[in-house]
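Enquirer: here is my input; please provide its structure:
(chains A and B)
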Amino acid sequence: MAAIDPAVMSRVEIFLAVKKAERPGRRAAFTLALPLLVFLLLTFVAPILLLLVTAVDNTEPRAVLPRTLAALSDWDGASTPGEPVFAALAADLKKAQEDRTAALLGKRLNYEISGMRSRMVAAARLAARLDAGPYRPAFVEADAEWGSVAIWAVIARNDRGWTPYHLLTAVDLQWRPVGGIGPADADQAIFLGVLGRTLTVAALVTLATLIMGYPVAYVLTIAPPSVARVMMLLVLLPLWTSLLVRTTAWVVLLQTDGIINDLLMMLGLTTSKLQLIFTRIGTVTAMTHIQLPFTILPIYSVMRAIPPTQLRAARSLGAPPLSAFWRIWAPQTLPGVVAGCLMTFILSLGYYITPALVGGPGDQMVSNFISTYINRDLNWGLASALGVVLLTVTLGIYWLFLRLVGADKIRLG
Amino acid sequence: MWLPSYATRSERAVRLAVVSFAVAVLIFLIAPLFVVVPLSFSDDPFFTFPVPKYSLRWYRDFFGNERWISGVVNSSITAVLTTIFATVLGTTAALGLARPDFPWRRPVMALLISPMIIPVVIVAVGGYLFFGRLGLTDTRLGLVLAHTALATPFVVITVTATLSTYDTNLTRAGLSLGAPPIAVFFRITLPSILPGVVSGAIFAFATSFDEVVVALFLTGAEQRTLPVQMFAGIRDQINPTIMAAASILLALSIVLFVVASWLGGRGRRGS
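Expert: As a prediction, the model looks like this:
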């Protein structure tokens, strides 16, 4: 290092020498963050990657029907396959009947063509009885559908370890047995609607928190310090209160015989009790209550930094109050508005508890559907595919947040 | 200084309207929190207001029921373990991030904060699939690991914020006087940033203690936490014992909040 002589070294060399000299410090700094990074990779990133894999995972067909798929590799796709394919199917299903895997495969293929579950189970039972060919007539006689091209097209296209099927379903597309990809049938095409509903609810909640939160942030900046301190505690306390407790409170408040209805009747705003629980308006109200502090805090921290003298200067130069506010003060609060609104919008997208307890069937968000497909329908593929859609939208807005605001701007009080 | 002296009459009126609106919003923020408290002390099994007769029957119900008690115990153990892991990992990472020569700061920070951003259902389902393969579902370890991942961003944020006001010359002075780095950390750095570390730890504790969704996916009957028990109860049939549980959680939140605010005040004064 003693040889650093600017006269001799080029700029590049100096740059590299400086970089080299800085390296131990950089390494030491990074080493401190390494345990948490490794921990998150194992307990957070890896599970999410597995979710992405599960969304396209397609192991059952290759595991249960290896011989059939091999025999189908040179199938023309236009006519019922020949005897060798049926013989391979019989052999595969005989094994499946022993291993009790036929129902699993049937369930998997049932997503793509209905009736497949019971058909597979019946066919496996049939295969276990068949000792010799010809197999094709036996299968077709038991169930004429085995002679149709559609079933074989679906089996043949699952000759891969992955499938786009669930991802297509999650965006209301269907991969027809014959005829390629097209829009899903009307009674199946619900998921874009659910995504749209999720975005709408998040947008409504964001807007409501902005309208309610902006004046609060403003009053926080103009109030005397002692009052502002108390106000701040009132904003922060809900943030600390368990989300479940706040949701429970709303479940109680919104009951048809609850306090809000009593209040509305007392004020004469309504003559009959309104249905508030299990409605969209109830869900948005409860979510707005929960998200308000997240919108207020970033707006307040930006407002606090604006010198009040600017407004005074504008006024002394002759600006009327409204235009002084609108042209001098409001534009400077924009970074806080963007930070607060993006934060609330992102967090609102992932709501699960509140819609589940306060919302009706028509207010369930993407998260609720994911949970239902995991717990009730045991359809991990579709649940994961919906997870991929939700994750994509969330990461897109998070990216926007990082570009416009920055991760280091997040404060908790 | 609510109003400048040059304010016009209409300006005063507008200002009064804005302040009144803000007060109304603050009432909207605070009042719903406390609705569960009188109901939990009511003698009536239905949620009637005003409360006709006060009693402690729902608290007796709560503390006499083994399910609720085991929920409290499970939540406490999980939250304490989560707090320990999250505070150690988060504080160490924040110390690295606070150094001016930290490489790839922005992407690393974006990753460290992301558990707070990613929808919790995705974390829950991913954990269900991943921990299931490792045999960690229906175990306390699995839940603690997932909760730790969710809680670390809070520690990273609070400790980073405290470190931004920490005078690094103190570290340098300690080192130049011959103290080993470990001693400098425990005797100089840690005492100065302690308020931030402790409020991060309290955040981590609250995150774990209140968490429902991941616990719902990752636990079996034996590890059932208090919030999961409550969630199941509300879905099934909401009853006043749940109000007692909610009031207890509310009281815990207020205690944690008061401690954290007090520490925050101290931290600000100390710097």
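Enquirer: give me the residue from the stretch 301-413 of chain A nearest chain B.
Expert: A:Gly350 (2.7 Å; CB to the nearest CB). For every residue, glycine as well, the C-beta is placed using N, CA and C.
Enquirer: what's the closest non-adjacent residue to that residue?
Expert: Excluding its sequence neighbours, the residue lying closest to A:Gly350 (CB to CB, 6 or more residues apart in numbering or on different chains) is B:Pro119, at 2.7 Å.
Enquirer: ok, that neighbour - how many residues close by?
Expert: B:Pro119 sits with 26 neighbouring residues when counted by other CB atoms under 10 Å in any protein chain shown.
Enquirer: quick one, what contacts A:Thr256?
Expert: A:273-277 (CB atoms under 8 Å, 6 or more residues apart in numbering or on different chains).
Enquirer: same thing with A:Val393?
Expert: Taking CB under 8 Å, 6+ apart, one finds A:195, A:199, A:349 in contact with A:Val393.
Enquirer: what does B:Val25 give?
Expert: Contacts for B:Val25 were tallied using CB under 8 Å, 6+ apart; they are A:212-213, A:215-216, A:292.
Enquirer: the closest residue to chain B within the stretch 51-200 of chain A in helix, strand or coil?
Expert: The minimum distance from the stretch 51-200 of chain A to chain B, using CB to the nearest CB, falls at A:Leu51 (4.2 Å). The assignment at A:Leu51 comes out as helix when based on DSSP: H, G, I helix; E, B strand; the rest coil.
Enquirer: okay, it: pLDDT?
Expert: Per-residue pLDDT puts A:Leu51 at 96.
Enquirer: about what we covered before: now, of the contacts of A:Thr256, which are buried?
Expert: A:274, A:276-277 (16 or more other CB atoms under 10 Å in any protein chain shown).
Enquirer: neighbouring contacts of stretch A:132-141?
Expert: A:80, A:82-83, A:86-87, A:89-90, A:123, A:126, A:130, A:146-147.
Enquirer: also stretch B:225-232?
Expert: Stretch B:225-232 has contacts (CB under 8 Å, 6+ apart) with A:242, A:244, A:248, A:353, A:357, B:67-68, B:71-72, B:74-75, B:78, B:143, B:209-212, B:215-216, B:219, B:242, B:245-246, B:249.
Enquirer: and if we set it to 7 Å?
Expert: A:242, A:244, A:353, B:67-68, B:71-72, B:74-75, B:78, B:210-212, B:215-216, B:219, B:242, B:245-246 (CB atoms under 7 Å, 6 or more residues apart in numbering or on different chains).
Enquirer: now a ChimeraX select for only the buried ones of those.
Expert: Burial among the contacts of stretch B:225-232 is assessed by 16+ other CB under 10 Å; the matching ChimeraX selection reads:
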select /A:242,244,353 /B:68,71,72,74,75,78,210,211,212,215,216,219,242,245,246
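Enquirer: now, the contacts of stretch B:225-232 that are in strands?
Expert: Using DSSP state E, no member of the contacts of stretch B:225-232 falls in strands.
Enquirer: mind listing what's buried in stretch A:356-372?
Expert: So stretch A:356-372, judged by 16+ other CB under 10 Å, has buried residues A:356-359, A:363-372.
Enquirer: with distance to chain B added, can I get those residues in JSON lines?
Expert: Formatted as JSON lines, those follow (distance: CB to the nearest CB, whole Å):
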{"residue": "A:Ala356", "distance to chain B": "7"}
{"residue": "A:Leu357", "distance to chain B": "6"}
{"residue": "A:Val358", "distance to chain B": "10"}
{"residue": "A:Gly359", "distance to chain B": "12"}
{"residue": "A:Asp363", "distance to chain B": "15"}
{"residue": "A:Gln364", "distance to chain B": "12"}
{"residue": "A:Met365", "distance to chain B": "9"}
{"residue": "A:Val366", "distance to chain B": "8"}
{"residue": "A:Ser367", "distance to chain B": "4"}
{"residue": "A:Asn368", "distance to chain B": "8"}
{"residue": "A:Phe369", "distance to chain B": "9"}
{"residue": "A:Ile370", "distance to chain B": "5"}
{"residue": "A:Ser371", "distance to chain B": "6"}
{"residue": "A:Thr372", "distance to chain B": "11"}
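Enquirer: max pairwise distance over these: which two?
Expert: The widest separation within the buried residues of stretch A:356-372, taken as CB to CB, falls between A:Val358 and A:Ile370 and amounts to 18.4 Å.
Enquirer: quick one, helices of the stretch 51-200 of chain A?
Expert: Using DSSP state H, counting those that start in this stretch, the helices of the stretch 51-200 of chain A run over A:60-64, A:66-71, A:83-99, A:102-110, A:116-129, A:135-142, A:149-157, A:165-170, A:191-222.
Enquirer: check the stretch 151-271 of chain B too.
Expert: Using DSSP H, counting those that start in this stretch, helices in the stretch 151-271 of chain B cover B:168-176, B:181-184, B:190-210, B:213-218, B:226-236, B:240-270.
Enquirer: deepest in the core, which of the ones you listed is it.
Expert: helix B:213-218 (a mean of 25; mean count of other CB atoms under 10 Å in any protein chain shown).
Enquirer: that helix and chain A in contact?
Expert: Yes: using CB under 7 Å from any CB of the partner chain, we find that helix B:213-218 touches chain A at B:Val213.
Enquirer: report the rounded mean pLDDT for that helix.
Expert: For helix B:213-218, mean pLDDT is 94.
Enquirer: what count of nearby residues applies to the residue lying closest to A:Leu72 once chain neighbours are set aside?
Expert: Nearest residue to A:Leu72 in three dimensions, chain neighbours excluded: A:Ala156, at 4.6 Å (CB to CB, 6+ apart). Neighbours of A:Ala156 under the rule other CB under 10 Å: 19.
Enquirer: shouldn't A:Ala156 be in contact with A:Ala71?
Expert: No: judged on CB atoms under 7 Å, A:Ala156 makes no contact with A:Ala71 at a distance of 9.9 Å.
Enquirer: any low-confidence regions in chain A?
Expert: Residue ranges of chain A with pLDDT under 70: A:1-7, A:413.
Enquirer: now do 50
Expert: A:1 (pLDDT under 50).
Enquirer: and chain B, by the same measure?
Expert: B:1, B:269-271.
Enquirer: can you give me every residue that contacts A:Arg67?
Expert: Per CB under 7 Å, 6+ apart, neighbours of A:Arg67: A:88, A:91-92.
Enquirer: rerun that using 8 Å as the cut-off
Expert: Going by CB under 8 Å, 6+ apart, A:Arg67 touches A:88-89, A:91-92.
Enquirer: could you dump the helices of the stretch 151-271 of chain B to TSV with distance to A:Pro307?
Expert: Written out in TSV, the entries for those read as follows (distance: least, CB to CB, whole Å):
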stretch	distance to A:Pro307
helix B:168-176	29
helix B:181-184	39
helix B:190-210	28
helix B:213-218	44
helix B:226-236	45
helix B:240-270	21
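Enquirer: B:Asp44 against B:Val51, yeah?
Expert: Yes: here B:Asp44 lies in contact with B:Val51, judged by CB atoms under 8 Å, at a distance of 7.0 Å.
Enquirer: I'd like the helices of the stretch 51-200 of chain A as CSV, with distance to A:Ile260 appended.
Expert: What follows is the helices of the stretch 51-200 of chain A, written out as CSV (distance: least, CB to CB, whole Å):
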stretch, distance to A:Ile260
helix A:60-64, 50
helix A:66-71, 60
helix A:83-99, 57
helix A:102-110, 45
helix A:116-129, 47
helix A:135-142, 61
helix A:149-157, 52
helix A:165-170, 36
helix A:191-222, 16
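Enquirer: isn't the residue of the stretch 51-200 of chain A closest to chain B right next to A:Gly387, touching?
Expert: Yes: using CB under 8 Å, A:Leu51 is in contact with A:Gly387, at 5.2 Å.
Enquirer: between these two, which contacts overlap?
Expert: Residues touching both A:Leu51 and A:Gly387 (CB under 8 Å, 6+ apart): B:122, B:125-126.
Enquirer: ok, these vs A:Ser118, which is closest?
Expert: Closest to A:Ser118 out of these is B:Val125 (28.5 Å), distances taken as CB to CB.
Enquirer: how many neighbours does that closest one have?
Expert: 30.
Enquirer: which residues touch it?
Expert: With the criterion set at CB under 8 Å, 6+ apart, B:Val125 makes contact with A:51, A:370-371, A:374, A:383-384, A:387, B:217.
Enquirer: appreciated, that's everything.
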